[in-house]
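Undergrad: Requesting a structural model of the entry that follows:
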Amino acid sequence: MFEYIRSHQRLMQILLFIVMLPFLLTFRNFSFNDDDKTIAKVGGKSISQVDLDRALTALGPNAATIPDARKIVFDRLVGDAALDAEARHDHAYPSQAEVGTAIVTFNPSLANPKLSKEDRDAMLTSFASSHGLSTAGLEAEVRTSLLKQRYLGTVQSTAFLPAAVTARLSDYVGQQREVQQLLFKSSDYTSQVKVTDAMLKAYYDKNLALFQNPEQAKIEYVVLSEDAIAQQITIADDAAEKYYKDNVAQFTSDAQWRLSHLLISVKQGASAAEKAAAKDKADKLAAEARKNTANFAKLVKENSEDPGSADTGGDLGYFSNKPDKSKEGFEPIVAAMQKMKAGEISDPILTAFGYSVVMVTEVKPAETKPFDAVKQDVVALLKKQQAHSKLADLRDTFDHTVYEQSDSLKPVVDKLADKIKLNIESASVTRKPDPNVAQNAPFNSLKFLNAVFGDDALKNKHNTDAIEVRDGVLISGHVVQYQAASQKPLDEVKAQVTDAVVQSEAKALAQKAAAAKLAALQAKDDGLVKADATKLPAFVQIDVPGQGVGIFRINKITPPPSVDPSIKDQLGQLAGTQEAAIYLEALKDKANVKMVRESAINAPVAATPGAPDGSN
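TA: Residues are numbered from 1 along each chain as shown. Prediction:
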């Protein structure tokens, strides 16, 4: 198998890419800001330090410690900008109408013709907020999604892999191996390790970065956020009830019908005679079903030509009378069901698939939740709307005050005291987000920490700027005390170093013992020199993380009885993803990426204190 991997590197690249894909597609859509912190220009637009910091922060507080994280995030932003540039060049940029239509597919309630413009805007704002976005942010994210579908989706759909590759990989995935294991545990060799002062000193000197007191700062900070403002807002009962009455559609669920069907299929291009025969068969089955509705599921299993539902008695799930892309092709059934009652069976209904005999198994009428049941939700929504508006009014004052009166945070607290109560909090921080602190803690944001450890905050003792760490959350900090990074003396970390040396030496002894045993086994079994699956039994020596070293004896390989049909689709998707990635790289080249500050994406990643280096 290892020889196969070496000789099919492009396929392995495809597999690696699909593993990385979920991480590459989870970034929020960010605007490209043209300011004095520009990192690069792509197709005439700028990617700024703000864009990069926001994208990195969106991955979580530990993202900055991941090797090459900044480069990966930056590359993603370049790809988005290149797509944006290509769409504008092609005059294929999604229109506002297209974006609006896409948003409605996610929230069909927005299409209610009875909603006023004000109500629809309020509902859209609420929908965006529920996803942690402003309305503009939601539209930008949907627009980017449409661009990816339009450009990358088309490329993905054209890719394919040879049948031989599919068969070979299916064989590897489905085969079974009979294996024996001989484990050489590192823990069994720790008693044989004789640690000397010279060994400790050598390991300590080689790994100085692991034994440091990190750079630290004690800070004070003030947070201005929508949530804090909302907690200080009171909503009167009559205001909440008025909103409920004005927007009752938001609290009304659609009527639903649960359907089962028996399908007599009609092929595309069928003759009139074939259609008539299918209709006649469906008529007879409908008549038979009405004689005893309790036997409908049995009748479906015996006669239905819908492979997706026949085994479940024809169950199609719930339908509403609202447009639904997942129910495309069933429109005639939707029209008919609205005139039916539970337990009723329809005449054959012609759809794009053939003639369906439909049974309504359950009807859920439209239901409006009473005010008391949704009162708390209404109050929370109104608080959020008011807080959003109030934050817009306060943020400029907050921003200007922390900048203009930069020797302390007290002036901004006092200046806004008649509008909102702000508190000066304190914390100890390092340059990197603390994994033991809540991810959403504003002072644990990489963007804020970069400002705290900037020259203006450290050397000039000024407040940081008002940093927006995420939508609706601003923070400014002031350094109270600073401690530079320092080296821990060997005596202080001697126990930690000793443990690392013992583990490293014990693993080396386990590997030596395993190698000797492997040589003996190979000599005994016809002189095999590697785990060649075509010559059994075969031996291989492998490190077993956290335990030691193992020798594995492969006795038997049983191939799968047949090729897994799902493998072909999965590999086709992998190949499509790879082709899309290649196309995206071409768009980046076309967009003429110009680096302005390459140092911004090459920031070093701090080592994890106390971790052994893995050497033997």
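
Undergrad: Show the contacting residues for residue 381.
TA: Applying C-beta atoms under 8 Å, 6 or more residues apart in numbering to residue 381 gives the contacts 126, 243. Glycine gets a C-beta too; all of them are placed from N, C-alpha and C.

Undergrad: tell me the mean pLDDT for the one helix or strand it maps to?
TA: Assigned by DSSP states H and E, residue 381 belongs to helix 371-404. Across helix 371-404, pLDDT averages out at 92.

Undergrad: buried sites along it?
TA: Buried residues in helix 371-404, counting neighbours by 16 or more other C-beta atoms under 10 Å, are found at 371, 374-375, 378-379, 381-388, 390-391, 394, 398-399, 401-402.

Undergrad: can you check stretch 244-257 too?
TA: Applying 16+ other C-beta under 10 Å to stretch 244-257 flags 244, 247, 250-251, 256-257 as buried.

Undergrad: what number of residues lie near residue 221?
TA: Other residues within reach of residue 221 by the criterion other C-beta atoms under 10 Å amount to 22.

Undergrad: quick thing: my sequence starts at 261, can you match it?
TA: Done: numbering now begins at 261, and the last item shifts to residue 481.

Undergrad: how many neighbours does residue 605 have?
TA: Based on other C-beta under 10 Å, the number of other residues close to residue 605 is 20.

Undergrad: actually residue 388, sorry about that
TA: Using other C-beta under 10 Å, residue 388 has 20 neighbouring residues.

Undergrad: contacting residues for it?
TA: Here residue 388 is in contact with 394-395, 397-398 (C-beta under 8 Å, 6+ apart).

Undergrad: May I ask which of the residues you listed has the most neighbours?
TA: Most surrounded of the contacts of residue 388: other C-beta under 10 Å gives residue 398, at 23 neighbours.

Undergrad: Excluding sequence neighbours, find me the nearest residue to that residue.
TA: Spatial nearest neighbour of residue 398, chain neighbours left out: residue 388 (3.9 Å); criterion: C-beta to C-beta, 6 or more residues apart in numbering.

Undergrad: and that neighbour, which of the three is it?
TA: The local conformation at residue 388, judged by DSSP: H, G, I helix; E, B strand; the rest coil, is helix.

Undergrad: can you tell me how far it sits from residue 402?
TA: Applying C-beta to C-beta, to the nearest Å, the value for residue 388 to residue 402 is 10 Å.

Undergrad: Tell me the gap between stretch 688-698 and the middle of its chain.
TA: Distance of stretch 688-698 from the chain centroid (C-alpha atoms, centre = their mean, to the nearest Å) equals 23 Å.

Undergrad: How confident was the prediction at residue 269?
TA: Note on residue 269: pLDDT of 43.

Undergrad: ok, residue 628 - how many residues close by?
TA: Neighbour number of residue 628 under other C-beta under 10 Å is 14.

Undergrad: And the residue nearest to it when sequence neighbours are not counted, its phi and psi?
TA: Leaving out its chain neighbours, the residue that sits closest to residue 628 by C-beta to C-beta, 6+ apart is residue 512, at 4.4 Å. Phi and psi for residue 512, reported as degrees, to the nearest 10, are phi -120, psi 120.

Undergrad: what's the spacing between residue 512 and residue 364?
TA: Counting by C-beta to C-beta, the gap from residue 512 to residue 364 is 17 Å.

Undergrad: likewise residue 599?
TA: When distances are taken as C-beta to C-beta, residue 599 and residue 364 turn out to be 27 Å apart.

Undergrad: swap in residue 521?
TA: 28 Å.

Undergrad: In the helix or strand hosting residue 762, which residues are buried?
TA: Using DSSP H and E, residue 762 maps to helix 754-784. By neighbour count with 16+ other C-beta under 10 Å, helix 754-784 contains the buried residues 756-757, 760-762, 764-771, 773-774, 777-778, 781-782.

Undergrad: same thing with stretch 807-821?
TA: 808-814.

Undergrad: Out of these, name the ones that lie in strands.
TA: Counting by DSSP state E, the buried residues of stretch 807-821 place 808-814 in strands.

Undergrad: just the helices in the stretch 661-810 of the chain please.
TA: 670-675, 706-712, 715-718, 754-784 (DSSP state H, counting those that start in this stretch).

Undergrad: quick one, which of those helices is nearest to residue 419?
TA: helix 706-712 (36.6 Å; C-beta to C-beta).

Undergrad: What residues sit buried inside the closest one?
TA: Here helix 706-712 shows 706-712 as buried, counting by 16+ other C-beta under 10 Å.

Undergrad: Ok, stretch 603-618 next?
TA: 605-606, 608-609, 611, 613-618.

Undergrad: Please apply the same query to stretch 331-345.
TA: 332-345.

Undergrad: Which of these sits closest to residue 559?
TA: residue 343 (51.7 Å).

Undergrad: Got phi/psi on residue 367?
TA: The phi/psi pair for residue 367 (degrees, to the nearest 10) is phi -140, psi 80.

Undergrad: tell me, how many neighbours does it end up with?
TA: So residue 367, with other C-beta under 10 Å, has 15 neighbours.

Undergrad: gap between it and residue 486?
TA: For residue 367 relative to residue 486 (C-beta to C-beta), the value is 21 Å.

Undergrad: Which members of the buried residues of stretch 807-821 are the farthest-apart pair?
TA: Largest separation among the buried residues of stretch 807-821 by C-beta to C-beta: 808 and 814, giving 19.7 Å.

Undergrad: Doesn't residue 541 lie inside a strand?
TA: No. Counting by three-state DSSP, residue 541 is located in no strand; its state is helix.

Undergrad: That one contacts residue 524, correct?
TA: Yes. Between residue 541 and residue 524 there is a contact at 5.2 Å, judged by C-beta atoms under 8 Å.

Undergrad: Which ones among the buried residues of stretch 603-618 lie within strands?
TA: 609, 611, 614-618.

Undergrad: Show the subsequent helix or strand relative to the helix or strand where residue 536 lies.
TA: Using DSSP H and E, residue 536 maps to helix 532-551. Toward the C-terminal end, the helix or strand that comes next after helix 532-551 (DSSP H and E) is helix 556-563.
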